[in-house]
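S.K.: give me the fold of what follows.
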Amino acid sequence: MNQQQSMDDPTAINGGQDDNDDDDFTKLKNTIEQRINDIRTTIESRCLII
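M.R.: The predicted model follows:
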């Protein structure tokens, strides 16, 4: 059974070698977003926004 990958699938172009890079980038992005949200929540809890 030989299964063809769609041209829309980014792993079809590079053979899936950037999967770990994408995962690392996604983890970094999520970590940064979470920390920004934590800082925003901390600031908002200390300030009265009118």
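S.K.: residue ranges of the helices in the chain, please?
M.R.: With helices called from DSSP state H, the chain shows them at 10-14, 19-46.
S.K.: a markdown table for those, including mean neighbour count and mean pLDDT?
M.R.: The way it works is simple: take the backbone N, C-alpha and C, and place the C-beta from them, glycine included. Converted to a markdown table, those look like this (neighbours: other Cβ atoms under 10 Å; pLDDT from 0 to 100):
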| stretch | mean neighbour count | mean pLDDT |
| --- | --- | --- |
| helix 10-14 | 12 | 55 |
| helix 19-46 | 10 | 91 |
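S.K.: and residue 47, its phi and psi?
M.R.: Backbone torsions of residue 47, given as degrees, to the nearest 10, read phi -110, psi 150.
S.K.: now do it: how many residues are near it, please.
M.R.: 8 (other Cβ atoms under 10 Å).
S.K.: what's the separation between it and residue 25?
M.R.: With distances defined as Cβ to Cβ, to the nearest Å, the gap from residue 47 to residue 25 amounts to 33 Å.
S.K.: likewise for residue 46?
M.R.: Distance of residue 46 to residue 25, computed by Cβ to Cβ: 32 Å.
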